[in-house]
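1. next one to model:
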Amino acid sequence: MAFEKAKVLKAAEKFLSQGKITAAIKEYRQIVDHEPSDLTTLNMLGDLYVRANKKEEAISCFERFVVRTNVMKSVCGLHECTRGFAPHLFLHITFGKL
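-> Predicted coordinates:
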């Protein structure tokens, strides 16, 4: 059976509009797994992990996004979800792998 991105995206957006973050994460995760080059969805997934307080998963998404695009938006996302970790962790994650 072929992967139907449009159908999965529609389901993800529906869950998101209903405030069902965990269900939306599951759908967006499917898209990222099938299309790792879809950076928009990867960034959205990172944002949702932040909202779900899943910091390690969010950091993983933002790291991948930063490495692939070097966009400041993801750096800001990384900063947001590393609050509460050691202060130097943000800089290490952001610049240690570039």
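2. tally up the residues packed near Ala6, please.
-> Around Ala6 there are 7 other residues, counting by other Cβ atoms under 10 Å. For glycine as for every other residue, the C-beta is placed from the backbone atoms N, C-alpha and C.
3. and Gln30, by the same measure?
-> Here the count is done by other Cβ under 10 Å, and Gln30 has 17 residues near it.
4. kindly report the same for Arg51.
-> 15.
5. swap in the one 5 residues further on?
-> Other residues near Glu56 come to 9 when the count uses other Cβ under 10 Å.
6. what's the distance between it and Gly46?
-> 11 Å (Cβ to Cβ, to the nearest Å).
7. could you do Phe62 as well?
-> Distance, Phe62 to Gly46, using Cβ to Cβ: 5 Å.
8. same check, this time on Val66
-> Val66 is 10 Å from Gly46, by Cβ to Cβ.
9. between these two, who's got more neighbours?
-> Higher neighbour count among Val66 and Gly46: Gly46, with 28 against 22, using other Cβ under 10 Å.
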